[in-house]
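J.: everything below, folded, please.
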Amino acid sequence: MFIKKTSKTVNGKTYVNHLLVESISTPKGPRHRVVCSLGNLAPAPQEEWLALARKIEAALRGQPGLEGDERVDAIVERVRTKGGQRRRPSTKGTPASDADVVAVHTDGVEIEEAREAGPVHVGHQFWQRLNVDAILADVGLCAKTRLLTQVMTLNRLIQPLSEHAMVDWVHRTAMADILATDLTRLNDEALYRNLDRLHPQRAAIERGLVEREQTLFNLDSNVYLYDVTSTYFEGRSKKNPQATRGYSRDDRPDCKQVVVGLVVDRDGFPKAHEVFDGNRTDRTTVSAMLDRLEARVGRRQGATVVVDRGMAFDDNLREITNRGYHYIVAARQTERDAHLADYEEGEGWQAIERQPSPRNPSQAKTAVSITQRVVDGEVHILCRSEGREAKDRAIRDKQEARLLADLERLQKRIAAGRLVDEAKVHQAIGRLRERFPRVGRYYDIAYDADGRRLSWTENVEKKDRARQLDGTYLLKTNRSDLAEEEIWRTYMLLTRVEAAFRAMKSPLMERPIWHQLEHRVQTHIFLCVLAYHLLVAIEKTFLDRGVHTSWGTLREQLTTHQVVTVALPATNGMTLRIRKGTTPEDAHQEIYEILRIPAEVMRPVKTWRPTVVTENGLQ
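T.: As a prediction, the model looks like this:
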């Protein structure tokens, strides 16, 4: 579309009128048709006319811009209510195949504005399948916020970037074409403000997603798998009280961090998440996480909560039981050590084989032996893994080497007189024991204040006992109705939480966090969880069809499906531009068929414009 200026003189006075005109295809070639009269646009400069025409054209195609324009809305309403809704030229009596016939200069045909479309198309389709837009609307978020939230979530799913870099990425993809909206005025400030609008609605959105996925995938809500991880910051994060130093699972003890708790079901779908202070210990998060879970899904009496040994304390188990749940937990090392005689017995053990995870088919099979004991009414499952034996030994040897090296360094500081105060020496010893708890208990460390000498002696008996228990672990549960193998397999589902954390940290790039404000950090993590909802739904759809693959593999394959503009310079002095998706390749087609989504990423858009002849040829 374009705007054409007309003038008429009556009784010596000149009247100026501006017409909105579109180029249409007819059996006799392209023609101009007046869409509506715009009146006199003066004093607006002529360079603004094209922008106005494009806004009107986009609105008529159902592509609203990021910001409303009352003038555009009024013109569109006038076009539609007065019968001005754009009519296609009649092709009555003309064969359908002739309606789009155009004679072109083949040497002038060009392909323009190629944009990556496949991953955006899949993400958008699953955004719709999960009804995310309706969920956002139900919590009171406006159309602009819903649009920006989808843009930010798809970026997190496809190529995670900061809000500042996200704008350029959006323009390098077919996002605007697929979402049928104008994103030319998108800026990072709008994305930052969108984080602020999303923050108060996180719980309600998560609750809506849980309900939708439960219905869509018929999920089992009888097992809840809970674990925590840490995510570190770049920067000092002085304005975020949750950002503190603590035990880093990212091997970044030099950085401040927050702790993230996540509950998933046996299929890996998130049920609830929470962001805790960076120095929060695992065991203190259980009660708070159960509160978040029940706020999302309600209290399901008889469901089983599975947690790791960092939370396997008596107070947590009582909390789980008092709420009406069962538990399956990995016992702490001291509880396992009490079963040394049982581990040494060779009878009554059952050999089972753990198959590779469907989402990681390259994973090696694991041979495990288990046996059962009942202690004070609690079922104990003793487990011994050959693969874990070598891993335990390697971890202990590595920690032992580090402990001994740190003890040598501490002794040199003492001998050189750089550390004299006896209390501070004992504090340093305590920190070493805390840093290396796995091996610290195998050494008796003593300090002679008079001789200013640090000494340590290996406790051979304790170390030999540890070697005997390499590769062993103990599970506890208050479920007496399950066979020992089923208890073990249910506990091993805890790897689904670990897989979720790996996905959020690697392909979804949850870390490092650059935001400095507490509420924006929490919303950043929420967007990662939101993107993980899409990721796990995509992978689940493949698994249900018996295909084991990852979103990372699919994303890579889909990058070659693009949206392009084909410019066809016609012999009549006009150029026809067709904006459309490329023909899907076999790999794309297979992915779309398995996911049950359309192969067409957008409806073609055709526009006519006068051909411009330059030194380089036709344009």
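J.: pick out the residue nearest the middle of the protein.
T.: Ala531 (3.0 Å; CA atoms, centre = their mean).
J.: leaving out sequence neighbours, find the closest residue to Glu434.
T.: Distances taken as CB to CB, 6 or more residues apart in numbering put Gly440 closest to Glu434, at 7.9 Å, once the chain neighbours are dropped. C-betas here are computed from N, CA, C, even on glycine.
J.: which ones are touching the one you found?
T.: 403, 432-434 (CB atoms under 8 Å, 6 or more residues apart in numbering).
J.: recalculate using a threshold of 10 Å.
T.: 399-400, 403, 429-430, 432-434 (CB atoms under 10 Å, 6 or more residues apart in numbering).
J.: that older thread, these two touch, right, the residue nearest to the centre of the chain and Met504?
T.: Yes. Using CB atoms under 10 Å, Ala531 is in contact with Met504, at 8.1 Å.
J.: overlap in contacts, these two.
T.: 156, 510.
J.: domains in the chain, by residue range?
T.: 2-93, 102-113+561-618, 339-478 (automatic domain parsing).
J.: and of these, who's closest to Tyr247?
T.: domain 339-478 (10.0 Å; CB to CB).
J.: tell me how far that closest one lies from the chain's centre.
T.: 35 Å (CA atoms, centre = their mean, to the nearest Å).
J.: can we start the residue count at 594 from this point?
T.: Got it, the first residue is 594 from now on, which makes the last one we talked about domain 932-1071.
J.: what mean pLDDT does it have?
T.: Domain 932-1071 shows a mean pLDDT of 85.
J.: that domain: end-to-end distance?
T.: 18 Å (CA to CA, to the nearest Å).
J.: just stretch 1005-1016 next, same as before
T.: Termini of stretch 1005-1016 sit 17 Å apart (CA to CA).
J.: again, but for stretch 864-883
T.: Span of stretch 864-883 from end to end, CA to CA: 11 Å.
J.: stretch 922-936 too?
T.: 19 Å.
J.: how about it, which residues are buried there?
T.: Using 16 or more other CB atoms under 10 Å as the test for burial, stretch 922-936 gives 922-924, 929-930, 932, 936.
J.: which members of those residues occur in helices, if any?
T.: Counting by DSSP state H, the buried residues of stretch 922-936 place 929-930, 936 in helices.
J.: nearest to Ala707 among the residues you listed?
T.: Closest to Ala707, out of all of these and judged by CB to CB, is Arg929, at 59.0 Å.
J.: phi and psi next, for the residue nearest to the centre of the chain.
T.: When read as degrees, to the nearest 10, the backbone of Ala1124 gives phi -60, psi -30.
J.: list the contacts of the residue nearest to it when sequence neighbours are not counted.
T.: Spatial nearest neighbour of Ala1124, chain neighbours left out: Arg749 (3.9 Å); criterion: CB to CB, 6+ apart. Contacts here follow CB under 10 Å, 6+ apart; on that basis Arg749 touches 716, 759, 1097, 1100-1103, 1117, 1120-1125, 1127-1128.
J.: alpha carbons of the host helix or strand of Tyr1084, in PDB - could you do that?
T.: According to DSSP states H and E, Tyr1084 maps onto helix 1077-1085. Below are the C-alpha coordinates for helix 1077-1085, written out as PDB (Å, rounded to 0.1, in the frame of the first residue of the first chain):
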ATOM      1  CA  GLU A1077      12.500 -53.100  46.300                       C
ATOM      2  CA  GLU A1078      13.200 -52.800  42.600                       C
ATOM      3  CA  GLU A1079      10.300 -50.400  42.200                       C
ATOM      4  CA  ILE A1080      11.500 -48.300  45.100                       C
ATOM      5  CA  TRP A1081      15.000 -48.100  43.500                       C
ATOM      6  CA  ARG A1082      13.600 -47.200  40.100                       C
ATOM      7  CA  THR A1083      11.400 -44.500  41.500                       C
ATOM      8  CA  TYR A1084      14.300 -43.000  43.300                       C
ATOM      9  CA  MET A1085      16.400 -43.000  40.100                       C
END
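J.: doesn't Val856 belong to a helix?
T.: No. In this structure, Val856 is strand, not part of a helix, as judged by DSSP: H, G, I helix; E, B strand; the rest coil.
J.: narrow the contacts of Arg749 to those in helices?
T.: 716, 759, 1097, 1117, 1120-1125, 1127-1128.
J.: return the member of those nearest to Lys831.
T.: Distances from Lys831 to the ones in helices among the contacts of Arg749, taken by CB to CB, are shortest for His1117, at 17.4 Å.
J.: for the closest one, which non-adjacent residue is spatially closest?
T.: Closest to His1117 by CB to CB, 6+ apart is His1108, at 5.5 Å.
J.: now swap in Phe719 and tell me
T.: Leu1127 (4.9 Å).
J.: what about the one you found, how many neighbours?
T.: 26 (other CB atoms under 10 Å).
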